[in-house]
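Undergrad: kindly generate the corresponding structure for this input.
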Amino acid sequence: MNLSGTGRRMARRCLGVSVAVLICSGCGGGQEVVALPSLTNSVAPLPSLSAVEEDAVASAYTKFVAMLDRADSLPAESRKAQLATVMVDPQLSRVLRRIDEMKRQNIATYGHVIVHVKSVQLTESGATVIDCQDSRGAGTMNSVTGKKINRGVQQGSTKALLVKGSDGQWRVSKSITVGEGC
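TA: Next comes the predicted model:
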């Protein structure tokens, strides 16, 4: 058999692996030799680091929206701390001011917003999420009478900027309603 340089290297590599397997197979105190799985039947590759981060960002954003759905009903004494788990300033201060303003005007939120994350973009300074929210089942109401003041829309385009804290958690630093339609 006449092998090229590449073929000879491959043959030596295979021979080396075979010798190593034979040597190790004698080290089991009589244990049965088990065939190793082939590379073609291996488990699916692990997701890339950026895909894992993008999922973490999308999850953090989804938690942020869920927290906003009930932000005004959180106990006043723990509201800031609870909101700080999903947002940072300037968003945190904006939400706290808005809740105080709503309380003074006897306005409360109702319902839940459904998140449809369209994209997550990682940047040097954080991440950007583009969402097409369905807020038809949510809105504001008079907290005294229970009368609904307004409700959301089927498709509301939202852009959120997130930063990663020193604890490794992503939090929203700014959320902007772009407009109706996506």
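Undergrad: which elements pack onto the helix or strand hosting Q121?
TA: Using DSSP states H and E, Q121 falls within strand 117-122. For strand 117-122, the packing partners by 3 or more C-beta pairs under 8 Å, 6 or more residues apart in numbering; DSSP states H and E come out as helix 49-70, strand 127-133. The way it works is simple: take the backbone N, C-alpha and C, and place the C-beta from them, glycine included.
Undergrad: centre of the chain versus the first one, how much separation?
TA: In other words, helix 49-70. Offset of helix 49-70 from its chain centre (C-alpha atoms, centre = their mean, to the nearest Å): 4 Å.
Undergrad: which other residues reach it?
TA: Contacts with helix 49-70, where a contact means C-beta atoms under 8 Å, 6 or more residues apart in numbering, come from 47, 82-83, 85-87, 95, 109, 111-113, 115, 117, 120, 122, 127, 129, 131, 133, 138, 160, 162, 169-172, 175.
Undergrad: would you mark the buried spots in it?
TA: Using 16 or more other C-beta atoms under 10 Å as the test for burial, helix 49-70 gives 53-54, 56-58, 60-61, 63-65, 67-69.
Undergrad: got the residues you listed as a markdown table, with pLDDT and distance to R104 columns?
TA: Listed next are the buried residues of helix 49-70 as a markdown table, based on pLDDT from 0 to 100; distance: C-beta to C-beta, whole Å:
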| residue | pLDDT | distance to R104 |
| --- | --- | --- |
| E53 | 95 | 40 |
| E54 | 97 | 39 |
| A56 | 97 | 37 |
| V57 | 98 | 34 |
| A58 | 98 | 35 |
| A60 | 98 | 30 |
| Y61 | 98 | 29 |
| K63 | 98 | 28 |
| F64 | 98 | 24 |
| V65 | 98 | 24 |
| M67 | 97 | 22 |
| L68 | 96 | 19 |
| D69 | 95 | 21 |
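Undergrad: from the residues you listed, which is closest to Q155?
TA: Nearest to Q155 among these: V65, at 14.8 Å, using C-beta to C-beta.
Undergrad: biggest strand in this protein, by residue count?
TA: In the chain, taking DSSP state E as the definition, the longest strand is strand 170-180.
Undergrad: which strand or helix spans A108?
TA: strand 107-111.
Undergrad: what about that strand, average pLDDT?
TA: Strand 107-111 carries an average pLDDT of 97.
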